[in-house]
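Enquirer: just the structure for this:
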Amino acid sequence: MKLKKWEFIIIFIILLVAVGIGWAIDETVTVSMTPKALTAANYGAFNKGLVCVEGNAIRFTLDGVTTPTSGSSGVGIKLDIGQCIELTTNDQLVKFRAIRNSATDATIRCTYW
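Expert: Take a look at the predicted model:
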């Protein structure tokens, strides 16, 4: 039996809760038609983050230079509803930029540790 990505994420979250994740911070960010960064006051000096997409697909970049754009030929990596990405360095948290991929705003849920 092969597990799907979302099943691995659920297992990962359960393991984090089991070992005590009292030091993690969560936030919800609305992603609209202008590129949106993560909230520096929330991730602070944390080095890791998990970003999960809700409501609509997004496009994102991590280089701090390229601006993501929406649409089928948009710039950036596309994440659909229900997909997540783990950011593994503080530099990635700082340089993360996202934009909605279509006409409807998206929501991303972020957990930092």
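Enquirer: thought Lys36 was touching Ala98?
Expert: Yes - contact criterion Cβ atoms under 8 Å: Lys36 and Ala98 qualify, at 5.4 Å. C-betas here are computed from N, CA, C, even on glycine.
Enquirer: what about those two, which has more around it?
Expert: A count of neighbours by other Cβ atoms under 10 Å puts Ala98 above the other of Lys36 and Ala98, at 24 against 20.
Enquirer: so that one is in which element?
Expert: Per DSSP states H and E, Ala98 falls inside strand 97-100.
Enquirer: thinking again about what came up before, overlap in contacts, Lys36 and Ala98.
Expert: By Cβ atoms under 8 Å, 6 or more residues apart in numbering, Lys36 and Ala98 have these common neighbours: Val29.
Enquirer: following element in sequence after the strand holding Ala98, please.
Expert: Note on strand 97-100: by DSSP H and E, the next helix or strand toward the C-terminus is strand 106-112.
Enquirer: run a quick neighbour tally on Gln83.
Expert: Neighbours of Gln83 (other Cβ under 10 Å): 15.
Enquirer: list the contacts of the longest helix along the chain.
Expert: The longest helix of the chain (DSSP state H) is helix 5-19. Applying Cβ under 8 Å, 6+ apart, the contact partners of helix 5-19 are Leu3, Ala24, Leu50, Cys52, Gly82, Gln83, Cys84, Trp113.
Enquirer: buried set for it?
Expert: Within helix 5-19, the residues scored as buried using 16 or more other Cβ atoms under 10 Å are Ile9.
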